[in-house]
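K.L.:
give me a 3D structure for the following:
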Amino acid sequence: MSVRRFVLVLALAFECFTVGCVAELDPDAPFAVDGADDSLEGQAGLRATYFRNVDFTSVGLTRVDSVVDFDWGRNAPASGLPADRFSVRWEGFYVAQETGPHRFAVRSDDGMRLFVGDDDAPLVESWRNQAATTVRGTIDLVAGEVYPLRIEYFEASGAATIQLRCAPPSLPGGASEPLVPRTQLRTERPAAGMPVGSTPQRLVVAPRADAYVDAANPTTSFGLEPDLLVDRAPDAYQTMLRFDVPTLTAPVQRATLRLYVTNPSPDGPAVHVTTSTWSETRVTWETRPRAGTLVADPGNVAAGWLELDVTRAITRAGEISFLLVPEHDDGADFDSREGTRPPELVVVTGAAPSPTPPPSSRGITHVGTTQTYDSNGQGLVVERPSRSVEGDLLVLILHRTDDDLPLYVDGWTRVAECFKGDNGHACGTEAMCRRWHDDTSAADPADSGNKFCADFGSSGSGHDLAQAVFYRAVGSREPSSYRFDLNRDSTGHPGWAILTALRGADTRDPVRDWSGVGCDRDDDSLFPSVQGAPGDMLLLSQSFDDAVARERFLPPSGTELFGYVSRSDEAGFLFGGLVTTRGATGTKRTGGPGGPSCKDALVSLTIVAR
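P.N.:
I've put the predicted structure just below:
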């Protein structure tokens, strides 16, 4: 370790002791200690979003805070943020270690509210300008269970402080609540079967070779350049990276390919595994390896560190090669291993998951979600979530803009849809279809093989923006991926898909209720109310007719983000959360700054627990 790095570590240790810890030393160069998982997903602590105003609309900083124990005085909480009139949202999960009543206490100057579990109402709240004040609330929790936790805080003026404390059932009466430690906080819900509190090991692997190739110079090698280029036009470039994964002492829980983006792109490269051999100093366009299995497809790529989930490609020790293939004429550039910030492969290993327990009577579990995009809707391929097993329910949402979207897909059952011919239109449904393409006489479009509606009456052609929701059960010989051709003819426009896996759902008749909204006339997205019962899974699916960052539409209260896609001129979100009461769920409003009203198509549905 260099002297400069050693001093930096000491400085961070002192800051953690006096102010409060964050998970990364430097956003551009994270430093991992053996045994600590410093990636955002599944890390000890809470995801923290700091805003430059008090209404949670102007993001200034995102990071992981290991505990909530801050006394900023009259200073700004971090560089680039104001000392007054800022707000913070901490989100993650609380791991209960005892069964019984837990007394949470939040001390804050100024306002705050604390949510624990799936209840839409805060457990603790004091949303006003105030001197340092402690407010308490009690909730019954079960040992070993994991509960959603969210804190919202604002600072108006003067001193700023906030602490999160909790007294477990075993604490003697009258004793003050201790700080909630990082060991009981998680940024993501622990994976099924992963022992709560286990300590994953984090291994950072440097590339053994990397290079790009240029179609305009088909016999020239570019293996020693400081940049890696991926572009489609006017010149075509592809990039290769090779890593040697050392011997692993435990199963791989997650693998992340990290690339530093020097030139952003509205549609980043597709990442494929390649088994072909290549040499860093000799590979050319003519000898480049062929693309194999698709493992990542990031969509919009911003400047800075890009993290790509490549877990399914890392199954054992040994050599692994990736090929980056362009998907846009305005491609992306990255630092190479000769550059300032070289690529990294971060492998997190941990205890092998125990066998998945049978579904709990408490409701449905979200197993995982995948997403994909295709610029013309031809050959849309989406991977099945890797942790899904036989008996799980798969819920597929197909999205389309400026073109037809099929209402029937072989092997899947449709349960909901929303088709719009223009921004201001309400949702068009199959029941509203006046005319089918190519076969206007068919009494049953599914039997005739006709899949496309040409006229949704008051909702027009349905070409402006559309989504359709399908389901199927995971079988004993379920494929690892699914391919969909959304096109009715040889021409096509963008299509995208989000596929989520749910455990404990009724796979025979899974949908209790659904509703759609085509124009909610609000900058936020207002998902319509549906009927639900305790243990149901509420799914909220959004198509949006603009490319937007995920921070523009934050999860509605009681839900979390399951899936997200954003490309050149369109986006899709999927939120989900357990229903805790019987009856109407009520309208669900997204957080964040939102976007232009009536540019979305929204579907709410409840999935029944078995």
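K.L.:
for R503, see how far away A143 is.
P.N.:
Distance from A143 to R503, counting by C-beta to C-beta, to the nearest Å: 21 Å. (C-beta placed from N, C-alpha, C; glycine too.)
K.L.:
same question, G292
P.N.:
Taking C-beta to C-beta as the measure, G292 falls 30 Å from R503.
K.L.:
and the two? Which one has more around it.
P.N.:
Each of G292 and R503 has its neighbours counted (other C-beta atoms under 10 Å); R503 has more, 24 against 15.
K.L.:
the residue lying closest to that one once chain neighbours are set aside: neighbour count?
P.N.:
What sits nearest to R503 in space, not counting adjacent residues and going by C-beta to C-beta, 6 or more residues apart in numbering, is T365, at 4.4 Å. Neighbour count of T365, defined by other C-beta under 10 Å: 20.
K.L.:
quick one: I498 and S566 touch, right?
P.N.:
No: contact criterion C-beta atoms under 8 Å: I498 and S566 do not qualify, at 11.7 Å.
K.L.:
overlap in contacts of these two?
P.N.:
Contact with both I498 and S566 is made by residues G572, according to C-beta atoms under 8 Å, 6 or more residues apart in numbering.
K.L.:
longest strand of the protein, counting residues only.
P.N.:
Longest strand of the chain, by residue count under DSSP state E: strand 252-263.
K.L.:
now do that strand: which elements does it pack against?
P.N.:
In terms of contacts (3 or more C-beta pairs under 8 Å, 6 or more residues apart in numbering; DSSP states H and E), strand 252-263 is packed against strand 304-309, strand 332-335, strand 344-349.
K.L.:
show residues contacting the shortest one.
P.N.:
The reference is to strand 332-335. Applying C-beta under 8 Å, 6+ apart, the contact partners of strand 332-335 are 226-231, 239, 259-265, 268-269, 301, 306, 341-343.
K.L.:
which parts of it are buried?
P.N.:
If you call a residue buried by 16 or more other C-beta atoms under 10 Å, then strand 332-335 has these buried ones: 332-335.
K.L.:
any idea how far I314 is from V348?
P.N.:
Counting by C-beta to C-beta, the gap from V348 to I314 is 10 Å.
K.L.:
quick check: neighbours shared by these two?
P.N.:
252, 255.
K.L.:
about what we covered before: so how far is the longest strand of the chain off the chain centroid?
P.N.:
Strand 252-263 sits 15 Å away from the centroid of its parent chain (C-alpha atoms, centre = their mean, to the nearest Å).
K.L.:
please shift the residue numbers so they start at 58 in all later answers.
P.N.:
Sure thing, new numbering starts at 58, so read that last one as strand 309-320.
K.L.:
show me the contacts for V526.
P.N.:
V526 makes contact with 452-454, 471-474, 571, 598, 660, 662, according to C-beta under 8 Å, 6+ apart.
K.L.:
counting only strands, which of these make the cut?
P.N.:
Using DSSP E, the members of those that fall within strands are 452-454, 471-474, 571, 598, 660, 662.
K.L.:
widest-spaced pair of the residues you listed?
P.N.:
Across these, the longest distance by C-beta to C-beta is 14.3 Å; it joins L453 and W571.
K.L.:
on that earlier part again, can I get the buried residues of strand 389-392 in TSV including pLDDT and distance to H550?
P.N.:
Shown next, in TSV, are these (pLDDT from 0 to 100; distance: C-beta to C-beta, whole Å):
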residue	pLDDT	distance to H550
A389	93	23
D390	96	28
F391	96	29
D392	95	34
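K.L.:
between the residues you listed, which is nearest G575?
P.N.:
Nearest to G575 among the buried residues of strand 389-392, with distances taken as C-beta to C-beta, is A389, at 34.3 Å.
K.L.:
now that closest one, which residues is it bridged with?
P.N.:
According to DSSP bridges, the residues that bridge with A389 are V287.
K.L.:
before we move on, what about Q295?
P.N.:
V270.
K.L.:
thought P275 was touching it, still the case?
P.N.:
No: assessed by C-beta under 8 Å, Q295 is found out of contact with P275, at 11.8 Å.
K.L.:
quick one: which of these two has more around it?
P.N.:
The neighbour count for Q295 versus P275, taken as other C-beta under 10 Å, is higher for Q295 (26 against 12).
K.L.:
quick one: contacts for that one?
P.N.:
Neighbours of Q295 in contact, by C-beta under 8 Å, 6+ apart: 269-270, 287, 342, 345, 380-383.
K.L.:
output the residues you listed as CSV; include the columns distance to T156 and pLDDT.
P.N.:
Output for those, formatted as CSV (distance: C-beta to C-beta, whole Å; pLDDT from 0 to 100):
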residue, distance to T156, pLDDT
Y269, 57, 97
V270, 60, 96
V287, 52, 95
W342, 63, 95
R345, 58, 94
L380, 51, 96
L381, 49, 95
V382, 52, 93
P383, 54, 91
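K.L.:
which single one of those is nearest to D141?
P.N.:
Nearest member of the contacts of Q295 to D141, counting by C-beta to C-beta, is V287, at 43.5 Å.
K.L.:
measure how buried the closest one is and give me the count.
P.N.:
Close neighbours of V287, defined as other C-beta under 10 Å, add up to 27.
K.L.:
can you list the low-confidence ranges for the stretch 258-407 of the chain?
P.N.:
306, 407 (pLDDT under 70).
K.L.:
could you pull out the strands in it for me?
P.N.:
258-262, 266-271, 284-287, 294-302, 309-320, 327-330, 351-353, 361-366, 375-382, 389-392, 401-406 (DSSP state E, counting those that start in this stretch).
K.L.:
T616 is nearest to which of those?
P.N.:
Nearest to T616, of the strands of the stretch 258-407 of the chain and by C-beta to C-beta, is strand 361-366 at 21.5 Å.
K.L.:
please give me every residue in contact with P326.
P.N.:
Listed by C-beta under 8 Å, 6+ apart, the contact set of P326 reads 287, 296, 355, 381-384, 388-389.
K.L.:
give me the distance from the helix or strand harbouring A105 to the chain's centre.
P.N.:
For A105, the host element (DSSP states H and E) is strand 103-108. Centre-to-centre, strand 103-108 and its host chain are 15 Å apart (C-alpha atoms, centre = their mean).
K.L.:
now the element after it, going C-ward?
P.N.:
Strand 103-108 is succeeded, C-terminally, by strand 116-122 (DSSP H and E).
K.L.:
got the angle for the helix or strand just after that following strand vs strand 103-108?
P.N.:
Once strand 116-122 ends, the next helix or strand along the chain (criterion: DSSP H and E) is strand 126-130. Orientation check (axes from the mean of the first three to the mean of the last three C-alpha atoms, to 10 degrees): strand 126-130 against strand 103-108 gives 20 degrees.
K.L.:
and strand 126-130, which residues are buried?
P.N.:
126-129.
K.L.:
show me the common contact partners of Q295 and P275, please.
P.N.:
Here Q295 and P275 share the contacting residues W342, scored by C-beta under 8 Å, 6+ apart.
K.L.:
hmm, back to that, now the strand holding A105 and strand 116-122, what's the angle there?
P.N.:
160 degrees.
K.L.:
neighbours of the spatially closest residue to V302 that is not a sequence neighbour, just the number please.
P.N.:
Using C-beta to C-beta, 6+ apart and skipping residues adjacent in sequence, the residue nearest V302 is A374, 5.1 Å away. Using other C-beta under 10 Å, A374 has 13 other residues around it.
K.L.:
A374 reaches P303, doesn't it?
P.N.:
Yes: between A374 and P303 there is a contact under C-beta under 8 Å: 5.9 Å.
K.L.:
which one of the strands of the stretch 258-407 of the chain lies closest to T458?
P.N.:
T458 lies closest, by C-beta to C-beta, to one member of the strands of the stretch 258-407 of the chain: strand 327-330, at 20.0 Å.
K.L.:
tell me the domain ranges of this protein?
P.N.:
The chain resolves into domains spanning 77-86+98-243, 258-406, 422-664 when parsed by automatic domain parsing.
K.L.:
helices of the stretch 408-557 of the chain, start to end?
P.N.:
502-505 (DSSP state H, counting those that start in this stretch).
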